[in-house]
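Undergrad: Next input, structure requested:
(one chain, ligands or ions: 1)
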Amino acid sequence: MKTIKTIKEMKEFSSQARGAGKTIAFVPTMGFFHEGHLSLMREGRRRGDLLIVSLFVNPTQFGPHEDFKNYPRDFGRDSKMAKGVGTDVLFAPEAGEMYPPDHQTIVLVEKVTRNLCGASRPTHFQGVTTVVLMLFEIVMPHVAIFGEKDYQQLVTVQQLARDLHMSVEVMGMPTVREADGLAMSSRNTYLLPEERKAALSLYRSLQIAKELLQKGERKADRILQEMKGTLQSESLVRIDYVQICDAHTLQDVDRIEGEVVVALAAYLGKTRLIDNFVFRNL
Ligand code: AMP
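TA: Residues are numbered from 1 along each chain as shown. Predicted coordinates:
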């Protein structure tokens, strides 16, 4: 595996690969890898002649009081893990090169970013779409792979690619979970043991929603009430949102029809976790 740190070298590598007729699969990440990241990389390995993984803790997607400074970082461990699943290039640029002092451009995807996480993190998605557009421009992938764990991010990047008529295919991969159901996240490392236990209620509340849907419940209110009850039974959990939205527009629905995403965000102490599942009522 080759590690590339500069934009110039990354562009040269990708141009040459494309010129040689190679298909480039790309997995953008912020590092501190777990099985969720690795599942994306394995899919990339299958999809491309070349697998490029970026590791960049993107400052612009963090709010002023969020965890940018404390975000877990371990380049040595990440390097080994990426290499272990057959990554060809690990692209790890410096923030100063990605955002030189006179950087002025922001990429804003409108409607799908307003609800859910966009409502509680107002500048988050513009940070994501700005860096993703830059990374696509630098890495020039044919296919880019994102996790459904960050469902709104996936929908937003798909909208970005469509709106700007980009040639990249943006695909999603299922959420990878711990044995007890907690969605894997680099942020799980922040959790104290008692918070880790309480965090399981996020998954439990999603399971309850799934059961209600499978039994035929179609009123969003009824499902949300049950979910909130489960979350509120844990005193360490502070709900940010629990919502049921159209899976494509990400607007709230009253009745479940077609494809919906059941999504939640909650704090355990200072740690904000998200989870979701998509239900297809077809
Ligand atoms: P991050 O490093 O957290 O920005 O995540 C990088 C990519 O990995 C994103 O596309 C995430 O959606 C994806 N990802 C994070 N956690 C998981 C998970 N538990 N299962 C599947 N994909 C994930």
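
Undergrad: okay, CA-based contacts and neighbour counts for the rest of this
TA: Will do.

Undergrad: so who does Ile244 touch?
TA: For Ile244, the contacting residues are 220, 224, 252-253, 260-263, by CA atoms under 8 Å, 6 or more residues apart in numbering.

Undergrad: Quick check: it is in a strand.
TA: Yes. Assessed by DSSP: H, G, I helix; E, B strand; the rest coil, Ile244 belongs to a strand.

Undergrad: State the pair within the contacts of Ile244 that is farthest apart.
TA: Leu224 and Val260 (13.2 Å; CA to CA).

Undergrad: Near the ligand, which residues of the stretch 51-200 of the chain are found?
TA: 146-150, 174-177, 183-185 (CA under 6 Å from any ligand atom).

Undergrad: Now, of the residues you listed, which are buried?
TA: The neighbour-count test (16 or more other CA atoms under 10 Å) marks 146-150, 175-176, 183-185 as buried among these.

Undergrad: In JSON lines, list those residues along with pLDDT.
TA: Converted to JSON lines, those look like this (pLDDT from 0 to 100):
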{"residue": "Phe146", "pLDDT": "99"}
{"residue": "Gly147", "pLDDT": "98"}
{"residue": "Glu148", "pLDDT": "98"}
{"residue": "Lys149", "pLDDT": "98"}
{"residue": "Asp150", "pLDDT": "98"}
{"residue": "Thr175", "pLDDT": "98"}
{"residue": "Val176", "pLDDT": "98"}
{"residue": "Ala183", "pLDDT": "98"}
{"residue": "Met184", "pLDDT": "98"}
{"residue": "Ser185", "pLDDT": "98"}
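
Undergrad: tell me the contacts of the closest residue to Asp254 other than its chain neighbours?
TA: Spatial nearest neighbour of Asp254, chain neighbours left out: Ala220 (5.2 Å); criterion: CA to CA, 6 or more residues apart in numbering. Counting by CA under 8 Å, 6+ apart, Ala220 touches 244, 253-256.

Undergrad: same check, this time on Val27
TA: So Val27 contacts 40-41, 44, 51-54, 144-146 (CA under 8 Å, 6+ apart).

Undergrad: Over to Ser201?
TA: Per CA under 8 Å, 6+ apart, neighbours of Ser201: 230-231, 234.

Undergrad: ok, these vs the ligand, which is closest?
TA: Comparing the contacts of Ser201 against the ligand with CA to the nearest ligand atom places Leu231 closest, at 19.9 Å.
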